[in-house]
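A.B. asks: Here is a sequence with its predicted model. Questions after.
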Amino acid sequence: MSNETNNDGTNTNGWLPIETAPMDGTAVDLWGYIQYDSHDFRLTDCEYFANRGWHFFRNGEMISVGEISYTPTFWRPIPKAPWDVE
């Protein structure tokens, strides 16, 4: 992971504001929090669907982030596998 710095000097480590996330079904990783919990965490391989919001897949089932009261605050592209070299 790269250590990227915003214009205001804050370090995002590659995470981008959720407002800039693709909303066309592109799979991304999300960072956010559960409303009733005190910690935040990453959800992997999430997709945004028009009129349905953010979803992720577990055990072949599509789950809305709203079902687990998850509020995404940042996103990033899914990292490449270790064997994928440029």
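C.D. replies: Everything's here; your move. If you're wondering where the values come from, they're calculated on a predicted model, not measured in any experiment.
A.B. asks: Point to the residue nearest the middle of the protein.
C.D. replies: Computing the C-alpha centroid of the chain and ranking residues by C-alpha atoms, centre = their mean puts L30 first, at 1.3 Å.
A.B. asks: Contact partners for it?
C.D. replies: For L30, the contact set (C-beta atoms under 8 Å, 6 or more residues apart in numbering) comprises 18, 21, 42-43, 46, 54, 56, 65, 70, 72, 74-75. (C-beta placed from N, C-alpha, C; glycine too.)
A.B. asks: Got a PyMOL select line for the buried ones in those residues?
C.D. replies: Remark: buried members of these, expressed as a PyMOL selection using 16 or more other C-beta atoms under 10 Å:
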select buried, resi 18+21+43+46+54+56+65+70+72+74+75
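A.B. asks: quick one: which of the contacts of L30 is nearest to Q35?
C.D. replies: Y70 (8.1 Å; C-beta to C-beta).
A.B. asks: mind listing what the closest one touches?
C.D. replies: With contacts defined as C-beta under 8 Å, 6+ apart, Y70 is in contact with 30, 32-34, 43, 54.
A.B. asks: Using TSV, lay out the residues you listed together with distance to A81 and secondary structure.
C.D. replies: Output for the contacts of Y70, formatted as TSV (distance: C-beta to C-beta, whole Å; DSSP: H, G, I helix; E, B strand; the rest coil):
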residue	distance to A81	secondary structure
L30	19	strand
G32	24	strand
Y33	28	strand
I34	28	strand
L43	19	strand
W54	23	strand
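A.B. asks: Could you single out the nearest of the residues you listed to E61?
C.D. replies: Closest to E61, out of all of those and judged by C-beta to C-beta, is L43, at 14.1 Å.
A.B. asks: and the nearest residue to the closest one once chain neighbours are set aside, what are its bridge partners?
C.D. replies: Closest residue in space to L43, ignoring its immediate chain neighbours: L30 at 4.7 Å, by C-beta to C-beta, 6 or more residues apart in numbering. Note on L30: beta-bridge partners by DSSP bridges are L43, W75.
A.B. asks: picking that back up, for A81, state which of the contacts of L30 is nearest.
C.D. replies: R42 (17.1 Å).
A.B. asks: was I right about the closest one contacting W15?
C.D. replies: No: under the criterion of C-beta atoms under 8 Å, R42 is not in contact with W15, lying 9.3 Å apart.
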